[in-house]
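Peer 1: let me see the structure of the following:
(one chain, ligands or ions: 1)
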Amino acid sequence: MSTDMASERLAVLSRQLCAGMASSPSTLTVPTSDMRLFLTHDNRELRDRVLDFLKDPIFRPDHYQSLLDFREQTLQRLKKVVGQKFFSVRDYVDNPRKFIASLESLMWADYSLAIKSGVHFTLCGGTIARLGTKYHHDKYLPSIDDLSTPGSYCMTELGHGSNVMGIETTAVYDKAAQCFIINTPNDEASKYWIGGTGQHGKVCVVFAQLTINGTWQGPHVFVVRIRDDSGAIMPGVRIQDQGPKMGLNGVDNGRVWFDNIRVPREDMLDAFSSVSPDGTYTSRINSVSARFGAVVSGLTTGRVLIAAGGVDGAKLALAVAIRYSVQRPQFGDKVIMEYVTQQNRLLPALAQTYAYHLAMGHLKSLMMDKKPADAKAIHILSSGLKAAATWSRVQVMQDCRECCGGMGFLAANKIGPMMNDMNVDVTFEGDNTVMMQQVTRALLDDGKTRLVPSTPTPGTLAAGGCGCAKTIAALLAYREATQLAQVADQMSQAAASAPGTAAAKAAARSQAFERNLDLVLEVGRANIERFCYENFVAETERAPAALKPSLELLANLYGIKCLQKGAAFYLGMGAMDRADVAALRTAAQAHYAMLCAGGLRSPAVALVDAFGIPDHLLQAPIAFDWRKI
Ligand SMILES: Cc1cc2nc3c(=O)[nH]c(=O)nc-3n(C[C@H](O)[C@H](O)[C@H](O)COP(=O)(O)OP(=O)(O)OC[C@H]3O[C@@H](n4cnc5c(N)ncnc54)[C@H](O)[C@@H]3O)c2cc1C
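Peer 2: Modelled structure (predicted):
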């Protein structure tokens with residue numbers, strides 16, 4: 001086939017695929033307040049109230065204070081927030097979007113405050129609300145709501161972090177005394193990293209392996225007092241303050257041991273399983289592994305908050321870096337935003353942040369609707385977005401820091417301290433590598449591996465497909481399905497060649513999964529990128545007309561960058577050629593030009609302003625007038 005014929009065929013294909021696509025505008029206008037309204041999916045008035053409240057001088061950063069002063073300040077800040085009664089811990093179950101909106105709004109003030117609140121309300125209070133019943137709700141939730149018993153979440157142990165099922169803390173029922181004896185059998189079983197226990201925590205939800213009448217029933221959760229009302233550590237509890245950390249030093253993390261402490265029978269959280277006074281164990285979930293799944297499913301809200309924090313952290317860093325970049329001249333009159341290297345670091349990150357923000361909105365809606373049929377989608381999205389949004393935040397903040405040059409290193413300009421404070425978000429509430437595995441496992445369980453589309457025709461992007469939503473979506477779906485099938489094939493082959501029993505075949509499948517973990521993670525990433533892109537396009541369709549051009553451009557830029565990142569895969573599979581790779585670069589640069597046109601009044605600035613970060617929380621002097629620093 002001649003080059004001309006091939007080009008013509010591809011152009012036809014591209015036109016067919018792109019029927020209905022809006023033509024690109026020559027200039028872009030972004031109505032900032034309309035965009036902000038569109039981006040604020042829920043609880044607008046509440047969010048505004050919380051953000052406005054954070055004008056209180058107590059929330060101003062103090063970069064000179066000591067570790068202990070910072071912890072005390074964080075506690076006092078939390079008390080101030082609690083005093084406002086913006087939400088109740090009961091919203092964790094009854095109105096998760098309100099709960100998330102309230103806590104999410106704190107993070108622009110200070111990540112230590114957000115995490116201390118999250119540990120108290122989400123991890124401790126939320127676990128009691130979700131896994132407990134009326135007795136626990138009546139006994140504990142009022143003092144969670146008014147912070148009279150600061151709460152902690154004792155799950156991780158020194159020897160057992162990602163592998164929660166492997167924890168060694170024991171809970172044995174003593175029928176005669178009608179209580180559980182909770183014990184730390186060795187130092188590796190000491191609870192480690194526990195937020196709030198170093199100094200302030202009074203009550204803890206403790207994960208321990210339950211044994212009743214000699215039968216092991218798996219991890220269960222118990223409410224334990226670790227300090228009395230005066231703040232003295234309870235008998236049988238040992239606590240070691242973990243001291244200074246890389247960041248997040250407003251939170252007092254601690255290590256905790258339990259020396260055969262006695263916990264009343266009623267204080268086991270019993271929404272799923274219970275123990276009667278005579279020591280009879282009953283559960284509505286039969287298998288230990290399914291019960292464990294139910295016990296840790298409460299982590300979803302925490303994961304959503306961490307993911308939302310990652311997106312919000314990226315928003316703040318981008319707002320500072322873009323606002324600075326459009327004002328800062330270097331080498332004569334040229335402002336640094338005019339350099340394509342600056343654009344290439346900031347603008348795809350801006351598009352990606354919009355994509356993740358909108359995806360988080362979708363996830364929160366699913367959580368609010370609480371349809372049993374959505375449980376798997378919620379699991380996949382909360383795990384995958386937690387990993388994707390926090391990993392990308394690390395990169396975005398580093399890029400923003402570098403884009404601000406030396407100014408990015410100044411604590412007053414906010415990006416640097418936030419990078420340190422937030423660095424842990426890739427690890428806690430589920431290590432990202434483990435989270436992405438969960439995504440792929442869930443996809444494999446679905447049996448979706450049969451649906452591998454045929455290889456897309458190379459050259460389509462070069463023939464105009466870069467601007468075509470359907471072409472981009474098809475390529476992203478192809479990558480996810482192909483890589484998922486590769487993992488599934490490896491697992492099936494391993495099972496087929498394993499001799500003997502079903503158990504041996506299951507073990508062989510599991511070993512094959514582990515041998516291919518690099519690919520497993522690629523599948524997770526591909527799934528999230530495909531979802532975020534499709535969701536972005538769908539959100540753009542429902543957007544008011546005035547917002548569509550900028551959203552279409554951002555969605556397109558996000559899709560283009562996903563394809564660029566996957567270029568090695570597409571070239572290897574013969575789904576792209578060199579012309580496609582060049583076309584992606586050209587298309588991205590055309591978008592940069594549109595986004596940067598107008599300098600201080602450019603769409604890029606309007607798009608970060610639409611994040612709605614109030615000036616009193618943006619704070620960084622370089623985001624306003626760098627000459628007045
Ligand atoms: C600041 C901070 C606050 C915390 N707050 C709390 C709290 O309040 N309560 C609480 O219970 N816990 C808390 N944690 C603990 C946190 O949840 C754990 O650190 C986290 O689960 C990871 O466990 P780990 O540190 O033991 O790392 P590990 O699980 O040992 O992981 C170390 C490395 O091994 C890799 N790895 C582990 N397993 C696998 C696998 N299956 N496949 C591939 N790679 C793997 C991981 O990706 C990681 O890179 C906190 C941690 C920190 C740092």
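
Peer 1: residue of the chain nearest the ligand, please.
Peer 2: Using CB to the nearest ligand atom, G161 is the residue of the chain that sits closest to the ligand, at 1.8 Å. Using the backbone N, CA and C atoms, a C-beta is placed for each residue, glycine as well.

Peer 1: which residues does that residue contact?
Peer 2: G161 makes contact with Y192, D431 under the criterion CB atoms under 8 Å, 6 or more residues apart in numbering.

Peer 1: and for K85?
Peer 2: D145.

Peer 1: quick one: secondary structure of it?
Peer 2: Following DSSP: H, G, I helix; E, B strand; the rest coil, the label given to K85 is coil.

Peer 1: quick check: residues of this protein near the ligand?
Peer 2: Taking CB under 6 Å from any ligand atom as the test, the list of the chain residues beside the ligand reads 119, 153-156, 161-162, 193-195, 245, 248, 253, 424, 427-428, 431, 433-434, 517.

Peer 1: quick one, phi psi at H63?
Peer 2: With angles defined as degrees, to the nearest 10, H63 sits at phi -80, psi 0.

Peer 1: nearest residue to it other than its sequence neighbours?
Peer 2: A411 (4.5 Å; CB to CB, 6 or more residues apart in numbering).

Peer 1: residues near that neighbour, how many?
Peer 2: Using other CB atoms under 10 Å, A411 is surrounded by 14 other residues.

Peer 1: can you read off the pLDDT for it?
Peer 2: In this model, A411 is scored at 97, pLDDT.

Peer 1: now swap in V203 and tell me
Peer 2: 98.

Peer 1: ok, now A22?
Peer 2: Predicted confidence (pLDDT) for A22: 44.

Peer 1: ok, back up a step: just the residues of the chain next to the ligand: which are in strands?
Peer 2: Among the residues of the chain next to the ligand, the members falling in strands (DSSP state E) are Y153, C154, W193, I194, G195, N253.

Peer 1: show me what contacts the fifth one?
Peer 2: Going back to what we said before, that points to G195. Contacts of G195 by CB under 8 Å, 6+ apart are I115, K116, V119, L123, S152, Y153, V251, D252, N253.

Peer 1: make it 7 Å
Peer 2: The contact partners of G195, taken as CB atoms under 7 Å, 6 or more residues apart in numbering, are I115, V119, S152, Y153, V251, N253.

Peer 1: which one of those residues is nearest L521?
Peer 2: Set against L521, the nearest of these by CB to CB is I115 (25.8 Å).

Peer 1: direction included, what does the host helix or strand of I239 pair up with?
Peer 2: In the assignment (DSSP states H and E), I239 maps to strand 237-241. Applying DSSP bridges, strand 237-241 is found paired with strand 253-258 (antiparallel).

Peer 1: chain center to the strand it pairs with: distance?
Peer 2: 26 Å (CA atoms, centre = their mean, to the nearest Å).

Peer 1: which parts of that strand are buried?
Peer 2: Under the neighbour-count criterion of 16 or more other CB atoms under 10 Å, strand 253-258 has N253, G254, R255, V256, W257, F258 buried.

Peer 1: let me see the mean pLDDT of stretch 423-440.
Peer 2: Averaged across stretch 423-440, the pLDDT comes to 97.

Peer 1: pull out the buried positions in that stretch.
Peer 2: Here stretch 423-440 shows 423-426, 428-430, 432-433, 435-440 as buried, counting by 16+ other CB under 10 Å.

Peer 1: need the contact partners of that stretch.
Peer 2: For stretch 423-440, using CB under 7 Å, 6+ apart, the contacting residues are 162, 246-248, 299, 302-303, 306, 309-310, 380, 383-384, 386-387, 390-391, 393-394, 487, 517, 520-521, 523-525, 527.

Peer 1: quick one, which of these are buried?
Peer 2: 247-248, 299, 302-303, 306, 309-310, 380, 383-384, 386-387, 390-391, 393-394, 487, 520-521, 523-525, 527.

Peer 1: just checking, which of the residues you listed belong to strands?
Peer 2: Among those, no member lies in strands (by DSSP E).

Peer 1: could you tell me how many residues sit around the residue nearest to A512 when sequence neighbours are not counted?
Peer 2: Distance criterion CB to CB, 6+ apart; nearest residue to A512, sequence neighbours excluded, is A494 at 3.7 Å. Around A494 there are 19 other residues, counting by other CB under 10 Å.

Peer 1: cool, thanks, talk later.
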